[in-house]
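Engineer: okay, structure incoming, though there's no sequence with it:
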Ligand code: TRP
């Protein structure tokens, strides 16, 4: 009993979200980012269009969403950094009740026997470690791409895109990525801003930002979505995205789509686990995660619906543009419309904000770990992790110019980081979280935390125990053979 009271009173030392809505905004802020708008269209183009989109959606529903619920559950129950939360929960689950006869009182008593201490080392904390590492690796290239976005705010604002054609648009992009010093400048600025917000703490820094930015981004995307219906390539664009060509489905396409689902929903590395740690016990985990998953998928699909009509209107090849896709296509559309200068400036500004709210969640697990484990100040922790991430980003910068030909397994540094994190670390992290929640944690603890109707619980629990882990494993095995 005493333990229960304590468990109910436990709170994260970093504070709690002010409301359920704020959590939804913050988690949507984490999920919606460059992944949806920059990476999803590029991946869709590279992996054959509709077939990729179809597998992506199926992965979100059957694999990613069930794991997302598990990830937020682990965080909210543990209420600490991902490493400590996993550890806490695994120790808690290995405690058991013992029944004994109390000789003095001559009656049978049952008491909770602690098998181990809540902070004894367990191997499950390695999942947290892998997640923190993945977050830092992802942020190192994420920040470079966010830097492109920042430089595009200035370009858009100064009218560079007015009336621009495809050739010049490609030229603008190529000039940017050919200049490592310029990229370094923007990357550094983005890292600095991210670290500044993170150092202010979750409530102070993040809450204020997400409240305005997320709705703003939604509005402008919907506006763009309406605009592209007027383009001659609109129908071709939709056809490309929504009519799957089944011949294009290969094991690698499936692996890419699943990895994209993990990346886009921010799962598999602890972002949502740490956000869950700041979620009040009163809020329903399944409700909030489902809202976030739908919002995120909506934005990704909408981004595709915006990009591909432009691609087909200007006869671009969707499969060969690579990571430059949106930076080469969107300016043409903006350049051709009235009010395009203002709108494009606003668009890249909002994309930058979407990126920064995601970046924060990539670094927060590592920061909270440093604070809790080594009792460092938030500022000091941010500086240490931030500097390391910044430094790693230089590798990505160089892979777009001087280092483009330095390859390992036929991938340059950026491709290697991206592939390794999205196709290996995130799915593996998610797989382990599913196994952990589905098989290691006691059902009673999970039930108590989720408070679901029985049939919904057992539906989710089946997805988590059987469908998700088997699917991830099979996709892994096939993708790598
Ligand atoms: N989901 C974000 C995007 O789509 C990026 C991101 C934030 C992320 N946190 C994450 C990706 C954790 C993977 C894991 O841009």
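Structural biologist: That came through, no problem. This is a predicted model, so every value here is computed, not measured. Residues are numbered from 1 along each chain as shown.
Engineer: residue of the stretch 101-250 of the chain closest to the ligand, please.
Structural biologist: residue 138 (5.7 Å; Cβ to the nearest ligand atom). (C-beta placed from N, C-alpha, C; glycine too.)
Engineer: that residue: what's it in contact with?
Structural biologist: Contacts for residue 138 (Cβ atoms under 8 Å, 6 or more residues apart in numbering) come out as 263, 269, 362, 417, 421.
Engineer: enumerate the residues of the stretch 251-400 of the chain near the ligand.
Structural biologist: 263-264, 266, 268-269, 271, 358, 361-362 (Cβ under 6 Å from any ligand atom).
Engineer: among the residues you listed, which ones are buried?
Structural biologist: 263-264, 266, 268-269, 271, 358, 361-362 (16 or more other Cβ atoms under 10 Å).
Engineer: farthest pair within the residues of the stretch 251-400 of the chain next to the ligand?
Structural biologist: Taking Cβ to Cβ as the measure, those span a maximum distance of 14.1 Å, between 268 and 358.
Engineer: look up how far the ligand lies from residue 329.
Structural biologist: The spacing between residue 329 and the ligand, counted by Cβ to the nearest ligand atom, to the nearest Å, is 19 Å.
Engineer: surely that residue is in a helix?
Structural biologist: Yes: under DSSP: H, G, I helix; E, B strand; the rest coil, residue 329 sits within a helix.
Engineer: and it, how far is that from residue 447?
Structural biologist: Per Cβ to Cβ, to the nearest Å, residue 329 is found 48 Å from residue 447.
Engineer: count of neighbours near the residue in the chain that the ligand sits nearest to?
Structural biologist: The ligand sits closest to residue 35 of the chain, with a gap of 2.1 Å, by Cβ to the nearest ligand atom. The number of residues packed around residue 35, counting by other Cβ atoms under 10 Å, is 27.
Engineer: tell me which stretches of the stretch 351-481 of the chain form helices.
Structural biologist: Along the stretch 351-481 of the chain, the segments classed as helices by DSSP state H, counting those that start in this stretch run 378-398, 413-419, 426-435, 443-450, 454-462, 468-480.
Engineer: give me whichever of those is most buried.
Structural biologist: Highest mean neighbour count of those: helix 426-435, a mean of 25 (counted as mean count of other Cβ atoms under 10 Å).
Engineer: so for residue 122, what's the pLDDT?
Structural biologist: Per-residue confidence (pLDDT) for residue 122: 83.
Engineer: before we move on, what about the one 5 residues further on?
Structural biologist: According to the predicted model, the pLDDT of residue 127 comes to 94.
Engineer: that one: what's its closest spatial neighbour, skipping adjacent residues?
Structural biologist: Among residues not flanking residue 127 along the chain, residue 432 sits closest, at 4.7 Å (Cβ to Cβ, 6 or more residues apart in numbering).
Engineer: same thing with residue 177?
Structural biologist: Going by Cβ to Cβ, 6+ apart, residue 177 has residue 400 as its nearest residue, at 4.1 Å.
Engineer: with residue 307 instead?
Structural biologist: residue 41 (4.2 Å).
Engineer: again with residue 23
Structural biologist: Per Cβ to Cβ, 6+ apart, closest to residue 23 is residue 17, 4.5 Å.
Engineer: and for that neighbour, the neighbour number?
Structural biologist: Neighbour count for residue 17, taken as other Cβ under 10 Å: 23.
Engineer: my read: it touches residue 280, true?
Structural biologist: Yes: with contact defined as Cβ atoms under 8 Å, residue 17 reaches residue 280; the gap is 6.7 Å.
Engineer: overlap in contacts, these two.
Structural biologist: residue 23.
Engineer: follow-up on the earlier one: quick one: the one helix or strand the residue of the stretch 101-250 of the chain closest to the ligand maps to to helix 378-398, angle?
Structural biologist: Secondary structure from DSSP states H and E places residue 138 in helix 125-157. Here helix 125-157 runs at an angle of 70 degrees relative to helix 378-398 (axes from the mean of the first three to the mean of the last three Cα atoms, to 10 degrees).
Engineer: distance between helix 125-157 and the chain's centre?
Structural biologist: Centroid separation between helix 125-157 and its chain, computed with Cα atoms, centre = their mean, to the nearest Å, is 10 Å.
Engineer: stretch 221-238 too?
Structural biologist: 27 Å.
Engineer: for that stretch, give me every contacting residue.
Structural biologist: Residues contacting stretch 221-238 (Cβ under 8 Å, 6+ apart): 299, 302-303, 305-314, 333, 337, 343, 347.
Engineer: narrow those to just the buried residues.
Structural biologist: Buried among these by 16+ other Cβ under 10 Å: 299, 302-303, 305-314, 333, 343, 347.
Engineer: residue 432 against residue 129, yeah?
Structural biologist: No: using Cβ under 8 Å, residue 432 is not in contact with residue 129, being 11.3 Å away.
Engineer: the buried ones among the contacts of stretch 221-238 in helices, which ones?
Structural biologist: 299, 302-303, 305-313, 333, 343, 347 (DSSP state H).
Engineer: so which of the residues you listed comes closest to residue 92?
Structural biologist: residue 299 (36.4 Å).
Engineer: so who does that closest one touch?
Structural biologist: Contacts of residue 299 by Cβ under 8 Å, 6+ apart are 32, 36-37, 217-218, 221.
Engineer: do the same with residue 427
Structural biologist: Neighbouring residues of residue 427 by Cβ under 8 Å, 6+ apart: 258-259, 262, 268, 472, 475-476.
Engineer: how about residue 320?
Structural biologist: So residue 320 contacts nothing (Cβ under 8 Å, 6+ apart).
Engineer: what does residue 443 give?
Structural biologist: residue 461.
Engineer: then residue 209?
Structural biologist: Counted by Cβ under 8 Å, 6+ apart, residue 209 has contacts 29, 197, 353, 356-357.
Engineer: may I ask which helix or strand encompasses it?
Structural biologist: helix 208-228.
Engineer: now that helix, how far from the centre of its chain.
Structural biologist: In terms of Cα atoms, centre = their mean, the centre of helix 208-228 is found 19 Å from the chain centre.
Engineer: the inter-axis angle of the helix or strand following it versus helix 208-228?
Structural biologist: The helix or strand immediately downstream of helix 208-228 is helix 234-242, counting by DSSP H and E. Counting by the same axes, to 10 degrees, helix 234-242 points 120 degrees away from the direction of helix 208-228.
Engineer: and helix 234-242, average pLDDT?
Structural biologist: On average, helix 234-242 scores 95.
Engineer: quick one: low-confidence ranges for the protein?
Structural biologist: 1-10, 95-119, 202-205 (pLDDT under 70).
Engineer: identify the residues contacting stretch 300-312?
Structural biologist: By Cβ under 8 Å, 6+ apart, the list of residues contacting stretch 300-312 from outside reads 35-37, 40-41, 44-45, 49, 53, 56, 221-222, 224-225, 228-229, 231, 233-234, 236-238, 240-241, 264, 316, 318, 321, 325-326, 329-330, 332-333.
Engineer: list the buried residues for stretch 252-259?
Structural biologist: 253-259.
Engineer: so what touches that stretch?
Structural biologist: 43, 46-48, 51-52, 55-56, 59, 63, 422-423, 426-427, 471-472, 475-476, 478-480.
Engineer: what do you get if the cut-off is 6 Å, keeping everything else the same?
Structural biologist: Applying Cβ atoms under 6 Å, 6 or more residues apart in numbering, the external contacts of stretch 252-259 come out as 47, 52, 55-56, 59, 422-423, 475, 479.
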